[in-house]
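**Q** just need the structure, nothing else, for what follows:
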Amino acid sequence: MVDTNQQVIEEARQRGETLTSRELLLLIERYHQPGDPGVDQEVLEAYDAELARDDVIPYKEGQFLGSIERDLGDDESWVGEGTYYPVGDGRISAFPAAWHDELGDTADVRAYVDVIGNELGGSDTDSDSQRGGRGTGVPEGLLLEAARAVGGLDQETAKSRLEEQRDAGELVQDADQHPDARVHLSEDTDEMRDGSLED
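**A** This is a model prediction of the structure:
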């Protein structure tokens, strides 16, 4: 039987009633088997059983697994936050296989902005959420989640690298005071500026 990681359980308990299945899967991806894309079925089953025994976490037996199975797609690229993705060998992730393939070996936040920004297609929001501030680019929260789950960066390191690359002028973050402001590559800003001058 698979042993659960207590860091996952503790953070899940801190979120209590507000804990979503996606947040839980992100915690498991981050702490249980860092370095491996996604989570295998046996691990998911172990957490499902653990949650059902916990008085603080509001999940009954089968609820977490049922949620994952219900929203599991078959896409290799980004559909939205309401979908879970197969990433090979029966493993499941909150992020598509294409992101793991392209970003799994890098800690460069700029690369995450490039790949995810292309997946989002320059839209103001992704396909199924109103996440992020106004404008185009990658919502900071989504960016940091991907850097942690896909790249194995801890929260402090991911945030620090974002700030360093923003200070160096490699990344630009919208100044709309939104707590989940969007981030884009500096050349994207230049292209938008040049385009607006041509109009």
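**Q** where does the protein dip in pLDDT?
**A** Per-residue confidence for the chain (pLDDT under 70) gives these ranges: 34-35, 122-135, 174-178, 188-199.
**Q** show me where it has its strands.
**A** Ranges of strands in the chain, per DSSP state E, are 85-86, 92-93, 138-139, 171-173, 182-185.
**Q** save those as a markdown table, and put in mean neighbour count and distance to Gly117 too.
**A** All C-beta spots, glycine's among them, are computed from the backbone N, C-alpha and C. Supplementary listing: the strands of the chain in a markdown table, determined by neighbours: other C-beta atoms under 10 Å; distance: least, C-beta to C-beta, whole Å:
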| stretch | mean neighbour count | distance to Gly117 |
| --- | --- | --- |
| strand 85-86 | 21 | 18 |
| strand 92-93 | 22 | 19 |
| strand 138-139 | 26 | 5 |
| strand 171-173 | 21 | 11 |
| strand 182-185 | 23 | 6 |
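**Q** and of those strands, who's closest to Tyr112?
**A** Closest to Tyr112 of these is strand 138-139 (C-beta to C-beta; 7.5 Å).
**Q** CA atoms only for stretch 160-167 - export them in CSV, please.
**A** Listed in CSV are the C-alpha atoms of stretch 160-167, where the atom choice follows Å, rounded to 0.1, in the frame of the first residue of the first chain:
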residue,chain,number,x,y,z
SER,A,160,11.5,34.8,-6.8
ARG,A,161,12.4,33.8,-10.3
LEU,A,162,9.3,35.5,-11.7
GLU,A,163,10.3,38.7,-9.8
GLU,A,164,13.9,38.5,-11.0
GLN,A,165,13.0,38.1,-14.7
ARG,A,166,10.4,40.8,-14.4
ASP,A,167,13.0,43.2,-12.8
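**Q** as CSV, the strands of the chain with distance to Ala52 would be great.
**A** Shown next, in CSV, are the strands of the chain (distance: least, C-beta to C-beta, whole Å):
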stretch, distance to Ala52
strand 85-86, 25
strand 92-93, 19
strand 138-139, 32
strand 171-173, 41
strand 182-185, 38
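**Q** so which of the ones you listed is nearest Asp105?
**A** For Asp105, the closest of these is strand 92-93, at 15.7 Å, according to C-beta to C-beta.
**Q** gap between Thr4 and Val43?
**A** Distance, Thr4 to Val43, by C-beta to C-beta, to the nearest Å: 8 Å.
**Q** what do the two both touch?
**A** In terms of C-beta atoms under 8 Å, 6 or more residues apart in numbering, Thr4 and Val43 are both contacted by the residues His32.
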